[in-house]
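Colleague: Provide a 3D model corresponding to the input given below.
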Amino acid sequence: MRPSLRPGLTAQLDYVVPAERTVPHLLPESAEFAVLPSVLATGYLVGIVEWTCMKALHGKLDDDEQTLGVHVDLSHEAPTPPGVLLTVRAELSAVEGRRLIFTVEARDDAATVCRGTHHRAVINGARFRERIAARTAGLEPPSGVART
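Modeller: As a prediction, this is how the structure comes out:
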């Protein structure tokens, strides 16, 4: 990890919510999600928060390093309908070994949409892919059918 990877790094992401990122689209195979209101899904919001945190790290990792999300603690406080601009801000608040802890907040024109923390782990990309390959060797491909 580079010495420049330290608390205080920030990023902002401006994101116009498309209809495809609303609750009914979260898991298209789910009848339960399909009937819910068309507002930004929490699952997609988590991805947008992760994206913002990754942007804060641009140019701060060694070439063989990547980060993966390992913990999310967000409150989703207000609905955001399609077409609304969401502004997400992330600040690296702590570095604990290979764990990076971000403080995050998302707002639209009407309200604070979410706030909380997100942790990312710094990994060696090649070694991680080797571990996944070893873990999945010999496994049968999944059928793609959810079990309830």
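Colleague: need the longest helix for this structure.
Modeller: For the chain, the longest helix by residue count, based on DSSP state H, is helix 42-56.
Colleague: pLDDT on that one, on average?
Modeller: Averaged across helix 42-56, pLDDT comes to 98.
Colleague: check stretch 15-24 too.
Modeller: Here the average pLDDT along stretch 15-24 is 98.
Colleague: please apply the same query to stretch 139-148.
Modeller: 67.
Colleague: chain center to the longest helix of the chain: distance?
Modeller: Distance of helix 42-56 from the chain centroid (C-alpha atoms, centre = their mean, to the nearest Å) equals 3 Å.
Colleague: also stretch 64-79?
Modeller: Using C-alpha atoms, centre = their mean, the offset of stretch 64-79 from its chain centre is 4 Å.
Colleague: pull the CA atoms of that stretch into CSV?
Modeller: The C-alpha trace of stretch 64-79 is given here as CSV (Å, rounded to 0.1, in the frame of the first residue of the first chain):
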residue,chain,number,x,y,z
ASP,A,64,-1.2,-5.3,-7.9
GLU,A,65,-3.7,-4.1,-5.4
GLN,A,66,-7.5,-3.8,-5.5
THR,A,67,-10.1,-3.4,-2.8
LEU,A,68,-13.3,-5.3,-2.0
GLY,A,69,-16.1,-4.3,0.2
VAL,A,70,-16.2,-6.3,3.4
HIS,A,71,-18.7,-4.3,5.6
VAL,A,72,-21.6,-2.0,5.1
ASP,A,73,-23.4,-0.1,7.8
LEU,A,74,-25.8,2.3,6.1
SER,A,75,-29.2,3.8,7.0
HIS,A,76,-31.4,4.3,4.0
GLU,A,77,-33.4,7.3,5.2
ALA,A,78,-35.4,8.6,2.3
PRO,A,79,-36.7,7.4,-1.0
